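[1] A structural model of the following input is requested.
(chains A, B and C)
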Amino acid sequence: MDPVTIDTTKIKPAKKKPETALEKLEDTGLINTVLAAKEREGLILFSTVDQIINWARLSSLWPVTSGLACCAIEMMAVAMAHHDIARFGMEIFRASPRQADLMFVAGTVTKKMAPRVKQLYEMMPEPKWVIAVGACASTGGPYHESYAVLKGVDLIIPVDVYIPGCPPRPEAWLYGVIQLREKIKNEGYGAKWGLNK
Amino acid sequence: METEELLLNMGPVHPSTHGVLRFKLRMDGEIIKECNIVMGYLHRGTEKLGEMKTYLQFTPYTDRLDYISAFPNNYAYAKAIEELAGIEVPLRAEYIRVLTMELNRIINHLVFMGSLLMDLGAATMIMWGFREREKALQLFEMLCGARMTFNYIKPGGVRDDLPDGFIPKLNEFLKDMEKRIDDYEQLINENEIFLMRMKNIGVISAQEAINYGLTGPALRGSGVSYDIRKLEPYSIYPDLDFKVCVQSEGDSFARYMVRVDEMRESLHILRQVVDTMPEAKIVAQAKYGIAPMTGMPSAVSTYFPRIFAPPAGEVYSRIEAPKGELGFYIVSDGTTKPYRVKIRSPSFCNLTAIPRMVVGLKIPDLIAAFGTIDVVLGDVDR
Amino acid sequence: MNAAEELKRLLPNAVVSTGIQINKPLAVIRKEELLKVAEDVKEMGFDHLSVITGIDYTDRFEVVYNFFSYGKKQNLVLKVILGHDNPEIDSLTTFWKGADWLERETYDLVGIRFTGHPNLTRILLPEGWIGHPLRKDYDMKTEQFVMLGEDGEDVVSTDGSKLLRRK
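    Presented below is the predicted three-dimensional model:
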C-alpha cells in the first residue's frame, strides 16, 4: 500500500479567535472592515447600507404561527427550551401575519387549505421569507398521490428554503434557519446588480 | 338590552395550538349562541391511499393520523390485520408494544397539558412538558430512530428488539417523571385562575357524552368508567394491574384531572412491564406470508414480508388510544391491498360534542373546553 | 344467544341473516326496516355507536354500523346492503347524536345519502367537490382546486390558474 502523502499547502490555517470588538464584528461576516480602519484602531468602519439592513433583518426574524400538520409539533419542540430557537432571535411567534416576516409552512398543504396559506402569505408585509418544512410542504411527500393534497407549497407561493424530513428533526430545522440567514445576508439591490461581491 | 347578533369567524389559522380548524360562531355580545365547526383543512385522503397501498406500505400513514401519539395508531392498524389474518404475536413483542404505547400516552398528555395551559395564557407548562417529552423522544430514537413518526409496530410483532441500555434509561425516565408530575400538579391544580377557567366550563353529562359518542378521557371525565383496555382486553393488559381513572363532574377540570391521573397509571403500568418483561428474544412472528430468507436468522426485518395477503373478510378492531377509541375497519378481498380502510378516529368523534358544550359560554371558554377535548387535526380530518 | 340472534327473534322480518364477523355478532338487515331496528337496538342497551362505514362494492353499497353496549359489554354489527344507483338510507341521528358527523362523512366520501339528516352537507371536502373519493370509480386523474370566493367561502374548480404560480 502506498504511503499517504499529505499536501500541507492545502491545509488552511486554523482561524484566529477574534479578540477585539472590531475583530468580533468582522468575524460575523456581516460588516466589511477595511484595513485602513484597523490601522486607525477601529475608529472608522466601512460597510454598505445593504449589509447593515440585512444584518438587522436576519437577526430578528419573527415567524407567523401557522402550523398545519405533524411538523407543527416539531415547530413547538424547536421553540421550546431544549432546542431553543430564541438563540436566533425568533422566539416571538406572531399570531397575526401582519406582524411577521417569516412563514414556516409546517405540514401538508391540502387543497382546501391552499388558498388560505396564500392569503396568509399575501397579508405579510415585505420583506418576507418562506421556509417549506418537511416532505409534504416541499413536494406533497407521502401524500403525493392523494386527491386532496397540493404537491408542494411552491406551486402557490415562492419558497426560500426547503427542509427535508418527515418531519424534520429540530436540528435540521435549525440548519434550515441558518441557511435562510445566509441567504438574507446576500440580499439587497447590490446582490441583484452583482455589486455585493 | 337588545343586542344585534354577530357572526364571528375563528380560524382556520388561529392562535390556539391545535391546528387548522375553523369555528363559525353566532354571538350575542360575549355569549356564544351557536357554534358551527368547519373542518377538512387537513384532509389528506388517507383512507383512499389505504386502498392504493399494500398492507405494510400503509403503516407509515397511520403514524401521521394522530401524530402526537403514533405508536397506538401503528398498533391499532397492526391489531386489525392480526385479527383478520389470525396472526399470533410473540409475548415479548406484546410487552414492547405496551411499553411504547404507555410511554406515548404520557407524552400525549404532556403535550395536552402544555397546549391547554398555553391556550389559557400560561407558558410555563409547555416548557416543562416539552422538556420531559424530549427525554422520552430520546428513548424512542434509541428504539427506532424516529422522533414522531415511528413505523415500528408491524403486523406480527415489532420491527426490532429493545436496544442495549434502553431499560436503564427508561427506569431513569420513570423515576424522574414521578417527581415531575407532582411538580405539574403543584404548579397548576391549585392555581386560582386556572380553576376559574376550568371548573363548570363545558359540562356534559354522562348520558349525553355517551349519546354523542365521546370516548377516552373526555368520557371518563363525565363519570363513565369505561376503558377498552379493561372492557375488551387486548395485548397483555389483562395481566397488568391498573385502574381506570374516572372523574364525575363532567367539566373541563374533570377531563384535565383524568389525564393527570392517567399519566400516573401509565407510569405504574410501565414499571410492571419492565419488571415482568420476558427474556426470549423473539419479537416478530414469521409464520405468515413469505418465509424469512435463509442464512439471515438474526435479521429481524426479514421476518416481515414486504407483501402479504390476508384472507378475505372484514374486521373492526379498536383500542384505547390516549385520546379515546381508535378503530380500524378493514375490508380485505384476499389481495395484497386492502379493499377499504375506515379509520374511526377519537378526535373526530369527540369533536362532535363541542357545538353542544359551548353554547352559552364565552369565547375564551370555548378555547378552554376545546383544549380539554384534546383533538389533533390530523386525526380529525385524516 | 348473541345480540344478532336476539335481534332476529325480535324482528324476524327485518333481519335477513345473522352471523359472526371476527368475534362480533353480525346482522344483515333490510334497508326499509332500519329505523325500527335502530329503536330496538337502542332499547337492547347498545348506547354507543362506534363507527359508520360505507363501502363501495361496484355493484352495491354496504353501510356497516358498529355498536357497543356499556351496560352489557357486548358488540353488535349491523349491515345494510344498498343498490348501486342512488344509494339512500335513513339517518340515525335521532337515536345517536354521534351519528351526525359520521353520516356526513360517509355522504362526503362515499356518496350515500341519509334521509332525515338535519344537515347533510360535505364535511371534509369543500362544498362543490366533484365526485366522492372513496368510490371505486372516482376520477383520480382530474385535479381539483379550491379558491376563495367573494364571501370567503370555498369555490371548487378544475382550473387552478388563479391559485397556482405556474403550470
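[2] how about the strands in chain A?
    For chain A, the strands defined by DSSP state E occupy A:63-64, A:102-106, A:129-133, A:161-163.
[3] now for those, which one comes closest to residue B:264?
    Among the strands of chain A, strand A:102-106 comes nearest to residue B:264, with 32.4 Å by C-beta to C-beta. Backbone N, C-alpha and C define where each C-beta goes, glycine included.
[4] relative to strand A:129-133, how tilted is the closest one?
    Put simply, strand A:102-106 runs at 20 degrees to strand A:129-133, going by axes from the mean of the first three to the mean of the last three C-alpha atoms, to 10 degrees.
[5] isn't residue B:345 right up against residue B:62?
    No: using C-beta atoms under 8 Å, residue B:345 is not in contact with residue B:62; the gap is 10.6 Å.
[6] for chain C, which of the strands of chain A is the nearest?
    strand A:129-133 (12.1 Å; C-beta to the nearest C-beta).
[7] in its sheet, what does that closest one sit against?
    Paired strands of strand A:129-133, with direction, are strand A:102-106 (parallel), strand A:161-163 (parallel) (DSSP bridges).
[8] follow-up on the earlier one: and of the strands of chain A, who's closest to residue C:147?
    Of all the strands of chain A, the one in closest proximity to residue C:147, counting by C-beta to C-beta, is strand A:102-106 (18.5 Å).
[9] avg pLDDT for that closest one?
    If you average the pLDDT over strand A:102-106, you get 87.
[10] now swap in stretch B:370-382 and tell me
    The pLDDT scores in stretch B:370-382 average 85.
[11] give the buried residues for the top helix by length along chain A.
    As assigned by DSSP state H, the longest helix anywhere in chain A is helix A:170-185. For helix A:170-185, the buried set under the neighbour-count rule, 16 or more other C-beta atoms under 10 Å in any protein chain shown, comprises A:170, A:172-174, A:176-177, A:180-181, A:184-185.
[12] least confident of the residues you listed?
    Minimum pLDDT for those is recorded at residue A:185 (79).
[13] how many residues are close by the closest residue to that one other than its chain neighbours?
    Nearest non-adjacent residue to residue A:185, counting by C-beta to C-beta, 6 or more residues apart in numbering or on different chains: residue A:54, 5.5 Å away. Residues near residue A:54, counting by other C-beta atoms under 10 Å in any protein chain shown, number 23.
[14] ok, back up a step: just checking, what packs against the longest helix of chain A?
    Judged by 3 or more C-beta pairs under 8 Å, 6 or more residues apart in numbering or on different chains; DSSP states H and E, helix A:170-185 is in contact with helix A:49-59, helix A:70-79, strand A:129-133, strand A:161-163.
[15] what lies in contact with it?
    Applying C-beta atoms under 8 Å, 6 or more residues apart in numbering or on different chains, the contact partners of helix A:170-185 are A:29-30, A:51, A:54-55, A:57-58, A:61, A:74-75, A:77-78, A:82-83, A:85, A:88, A:90, A:102, A:129, A:131, A:133, A:160-165, A:168.
[16] all strands for chain C, in order.
    Secondary structure of chain C by DSSP E: the strands cover C:15-21, C:24-29, C:48-56, C:60-69, C:74-83, C:88-90, C:113-115, C:145-148, C:154-157.
[17] could you identify which of these is most buried?
    Ranked by mean neighbour count, the strands of chain C are led by strand C:48-56 with a mean of 25 (mean count of other C-beta atoms under 10 Å in any protein chain shown).
[18] quick one on the thing from earlier: out of the buried residues of helix A:170-185, the closest to residue C:158 would be?
    Closest to residue C:158 out of the buried residues of helix A:170-185 is residue A:176 (34.2 Å), distances taken as C-beta to C-beta.
[19] against chain A, how distant is the nearest residue to residue B:237 once chain neighbours are set aside?
    Spatial nearest neighbour of residue B:237, excluding adjacent residues (C-beta to C-beta, 6+ apart): residue B:229 at 4.6 Å. Distance of residue B:229 to chain A, given as C-beta to the nearest C-beta, to the nearest Å: 25 Å.
[20] element containing residue B:229?
    Under the criterion of DSSP states H and E, residue B:229 resides in helix B:228-231.
[21] tell me how far whichever helix or strand comes after that helix lies from the chain's centre.
    Downstream of helix B:228-231, the first helix or strand assigned by DSSP H and E is helix B:252-276. The chain centroid and the centroid of helix B:252-276 are separated by 14 Å under C-alpha atoms, centre = their mean, to the nearest Å.
[22] distance of the residue nearest to residue A:117 when sequence neighbours are not counted from residue A:68?
    Nearest non-adjacent residue to residue A:117, counting by C-beta to C-beta, 6+ apart: residue A:109, 5.7 Å away. Residue A:109 sits 7 Å away from residue A:68 when distances are taken as C-beta to C-beta, to the nearest Å.
[23] okay, and the common contacts of the two?
    The contact sets of residue A:109 and residue A:68 overlap at A:117, A:137 (C-beta under 8 Å, 6+ apart).
[24] ok, back up a step: what about the residue nearest to residue B:237, how many neighbours?
    Residue B:229 has 19 neighbouring residues, counting by other C-beta under 10 Å.
[25] wait, it touches residue B:236, no?
    No: look at residue B:229 against residue B:236 with C-beta under 8 Å: they stay out of range, at 10.3 Å.
[26] reformat the strands of chain A into JSON lines and put mean neighbour count and distance to residue C:28 next to each item.
    Converted to JSON lines, these look like this (neighbours: other C-beta atoms under 10 Å in any protein chain shown; distance: least, C-beta to C-beta, whole Å):
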{"stretch": "strand A:63-64", "mean neighbour count": "22", "distance to residue C:28": "53"}
{"stretch": "strand A:102-106", "mean neighbour count": "27", "distance to residue C:28": "46"}
{"stretch": "strand A:129-133", "mean neighbour count": "25", "distance to residue C:28": "48"}
{"stretch": "strand A:161-163", "mean neighbour count": "22", "distance to residue C:28": "51"}
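[27] could you dump the ones you listed to CSV with distance to residue C:4?
    Output for those, formatted as CSV (distance: least, C-beta to C-beta, whole Å):
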stretch, distance to residue C:4
strand A:63-64, 54
strand A:102-106, 47
strand A:129-133, 50
strand A:161-163, 53
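[28] which one of these lies closest to residue C:9?
    Closest to residue C:9 of the strands of chain A is strand A:102-106 (C-beta to C-beta; 56.0 Å).
[29] let's see that closest one as PDB, backbone CA atoms only.
    Extracted in PDB, the C-alpha atoms of strand A:102-106 (Å, rounded to 0.1, in the frame of the first residue of the first chain):
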ATOM      1  CA  LEU A 102     -41.200  34.700   8.100                       C
ATOM      2  CA  MET A 103     -43.600  31.800   7.400                       C
ATOM      3  CA  PHE A 104     -42.900  28.200   8.200                       C
ATOM      4  CA  VAL A 105     -45.100  26.200   6.100                       C
ATOM      5  CA  ALA A 106     -45.100  23.400   8.600                       C
END
